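[1] A predicted structure for the sequence below; I have some questions about it.
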Amino acid sequence: MKIFKWLTLTAITLIAIIMITPFYGRAQISLTLQPGFGQAITAVNNAEAAGAYPNEILPLVALLNRALDLNQEASTLPLNQTGEHDQLISSANQVLANVTNQANDLTTRSAQRAYLNKIITYVSGIIIAVLGTFGYVVASEFYERYRIKRTFQMKVKRK
């Protein structure tokens, strides 16, 4: 009977968790994006994976949003305004190239910073281990001398 209660409780919990989780709709954007978007997004993801901080990624994301806005604005223009359309697309491509370059630089800096932090961590661990060992040796030597001193200060009494 207890097994049935546990199974029922588990099933109710799982159903509650499934019901609480938000449903994500798959909205399709009706924009045609330039190939530079994929390259720029990949470069930003690489920078984040290399250890870039969120405050370093934020300007790149803002630039990506700016390029997306330019692309959307270009797609909403009427067909007779091709000059303005081409100008907006070239501006978006320029922003994307800028994002890609900045993200690649950030990836390099972040990887170097992460490597340096790892080296500092290992060296600090070694130094702390050596200092701890030295402290243990000094403390045990001090304690041994204290015990010897106390032993020689004892008085022997007859019963």
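    Looks like it arrived, so ask away.

[2] ok, the residue nearest in space to the middle of the chain - contacts?
    Central residue of the chain (C-alpha atoms, centre = their mean): residue 51, 5.7 Å from the mean position. By C-beta atoms under 8 Å, 6 or more residues apart in numbering, the contact list for residue 51 reads 110, 111, 113, 114. All C-beta atoms are positioned from the backbone trio N, CA, C, and that covers glycine.

[3] Widest-spaced pair of those?
    111 and 113 (7.3 Å; C-beta to C-beta).

[4] This structure: helices as residue ranges?
    2-20, 35-49, 54-76, 82-152 (DSSP state H).

[5] Burial check on the nearest residue to residue 59 once chain neighbours are set aside, number of neighbours?
    Once flanking residues are discounted, residue 59 sits nearest to residue 102: 7.8 Å by C-beta to C-beta, 6 or more residues apart in numbering. For residue 102, the neighbour count with other C-beta atoms under 10 Å is 18.

[6] Against residue 42, how distant is residue 159?
    Per C-beta to C-beta, to the nearest Å, residue 159 is found 89 Å from residue 42.

[7] typed the wrong thing, it's residue 146
    In terms of C-beta to C-beta, residue 146 sits 66 Å off from residue 42.

[8] follow-up on the earlier one: between residue 159 and residue 42, which one's more packed in?
    residue 42 (12 against 2).

[9] how close does the more buried one sit to residue 18?
    33 Å.

[10] One more: residue 103?
    37 Å.

[11] Between the two, which has more neighbouring residues?
    Ranked by neighbour count (other C-beta under 10 Å), residue 103 and residue 18 place residue 103 first, with 27 against 8.

[12] Surely the more buried one is in contact with residue 60?
    Yes. Counting by C-beta atoms under 8 Å, residue 103 touches residue 60, with 5.6 Å between them.

[13] Touching both of these two, which residues are there?
    Common neighbours of residue 103 and residue 60 (C-beta under 8 Å, 6+ apart) are 44, 47.
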